[in-house]
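Undergrad: Okay, sequence plus prediction incoming.
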Amino acid sequence: METVFLDVAWSALAARMAATALVVILVSWSVGAFGPLIGGALAGLPMVLGPGFYFLSQQFPDDYVQQAATYAVYSLSATQLFLLLIILCAPNLSPWRTLLCAVAAWAVAALLLSFMPVQPVLGLALFIAVTAFSLRASRRLAGMKGTSKAKAGWGLLIFRGALAGLLVAIVTTSSSLLGPSLSGLIMAFPIGYTVVAVTIHQTLGAASLVATLRSALWGTGSLAGFCTTLALVFTYIHWLPALLLAAAVSIAITLLLVFRPWSRRG
């Protein structure tokens, strides 16, 4: 039994490592190719959460997964504060100092949110409120101008993606020991955004980073849609259609963000 558990766990780690690397490479490339609006929206696809919850559903009962999905929704409110801190700090601080401030803000917020009740609708309402606040608080930087730097090569992007995947493996391993609430909170830690932010800050500059992450404030709505849908339906239907429905909701939100110009106005 122990061998089976270890095999599944390592499969989950490998899937999350590959998915996170893909997010980092895809978003960093798409910012340069298509601009920050599309790059930020694509960052909201559940390429990391999807595999994570798939393997949770294979290892734990439905109510565990439902609770983890609910706290992942709460965690996404902390992610919005994480993005806001990067947006506000990036014009004046180095990439790593900016990241340190953002991670500290996420950790404090996640700790407080761990005491919230298992109510996915409440989590979604809080996410919407924090998103609105973050968009408003960062509005003065919406038209920020800056000089673009040289784009990162594919080798550097793949290397940073691999580092992100390694961090995901560490987070996933520790979260399996913490129960559904902390598991869900840690599962949604913005590891993809972390490396994307540093990569864009170093290679394209603060102006591109601000524009991308303001779009990502909208794009995270796709993740919120995924986690909320999963939390609402997982205990009522089979795990596979639940995951597929949640993914469909997330993709629909992403398509709206990419093709609807109103997301530019935030």
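TA: Noted; the coordinates are in hand.

Undergrad: For the rest of this, base every contact and every neighbour count on C-alpha atoms.
TA: Noted.

Undergrad: What are the phi and psi values at Phe234?
TA: Main-chain dihedrals, Phe234, degrees, to the nearest 10: phi -60, psi -30.

Undergrad: What distance do you get for it to Leu257?
TA: 26 Å (Cα to Cα, to the nearest Å).

Undergrad: right, and the secondary structure at Tyr236 would be what?
TA: Of the three states, Tyr236 takes coil under DSSP: H, G, I helix; E, B strand; the rest coil.

Undergrad: what does the model give it for pLDDT?
TA: Per-residue confidence (pLDDT) for Tyr236: 95.

Undergrad: after the host helix or strand of Gly192, next one along is what?
TA: Using DSSP states H and E, Gly192 maps to helix 191-203. From helix 191-203 onward toward the C-terminus, using DSSP H and E, the following helix or strand is helix 206-233.

Undergrad: Show me what that following helix is packed up against.
TA: Packing partners of helix 206-233 (3 or more Cα pairs under 8 Å, 6 or more residues apart in numbering; DSSP states H and E): helix 36-42, helix 62-89, helix 120-137, helix 191-203, helix 239-259.

Undergrad: how about the ones you listed, which one is nearest Leu26?
TA: Smallest distance to Leu26 across the helices and strands packed on helix 206-233 (Cα to Cα): 8.1 Å, for helix 36-42.

Undergrad: what about that closest one, average pLDDT?
TA: 67.

Undergrad: helix or strand right after it?
TA: Elements were assigned by DSSP H and E; along the chain past helix 36-42, the next helix or strand is helix 49-59.

Undergrad: circling back to that earlier point, how about JSON lines for the helices and strands packed on helix 206-233, with distance to Val210 and mean neighbour count added?
TA: Formatted as JSON lines, the helices and strands packed on helix 206-233 follow (distance: least, Cα to Cα, whole Å; neighbours: other Cα atoms under 10 Å):
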{"stretch": "helix 36-42", "distance to Val210": "9", "mean neighbour count": "25"}
{"stretch": "helix 62-89", "distance to Val210": "5", "mean neighbour count": "27"}
{"stretch": "helix 120-137", "distance to Val210": "11", "mean neighbour count": "18"}
{"stretch": "helix 191-203", "distance to Val210": "9", "mean neighbour count": "23"}
{"stretch": "helix 239-259", "distance to Val210": "17", "mean neighbour count": "19"}
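
Undergrad: burial measure for Ser114, as a count.
TA: When neighbours are defined as other Cα atoms under 10 Å, Ser114 has 16 of them.

Undergrad: Which residues lie in contact with the residue nearest the centre of the chain in this structure?
TA: Nearest to the geometric centre of the chain sits Pro190, at 4.3 Å (Cα atoms, centre = their mean). Residues near Pro190 by Cα atoms under 8 Å, 6 or more residues apart in numbering: Thr79.

Undergrad: give me that answer again for 6 Å
TA: Contacts here follow Cα atoms under 6 Å, 6 or more residues apart in numbering; on that basis Pro190 touches nothing.

Undergrad: now Phe115, what's its secondary structure?
TA: Three-state call for Phe115 (three-state DSSP): coil.

Undergrad: Quickly note the distance from it to Ala109.
TA: Phe115 sits 11 Å away from Ala109, going by Cα to Cα.

Undergrad: what does His201 give?
TA: Going from His201 to Ala109 by Cα to Cα gives 24 Å.

Undergrad: Also Gln80?
TA: From Gln80 to Ala109 the distance is 10 Å (Cα to Cα).

Undergrad: Tabulate the helices and strands packed on helix 206-233 in a markdown table, adding columns for distance to Val103.
TA: Putting these into a markdown table (distance: least, Cα to Cα, whole Å) gives the following:
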| stretch | distance to Val103 |
| --- | --- |
| helix 36-42 | 19 |
| helix 62-89 | 6 |
| helix 120-137 | 16 |
| helix 191-203 | 9 |
| helix 239-259 | 25 |
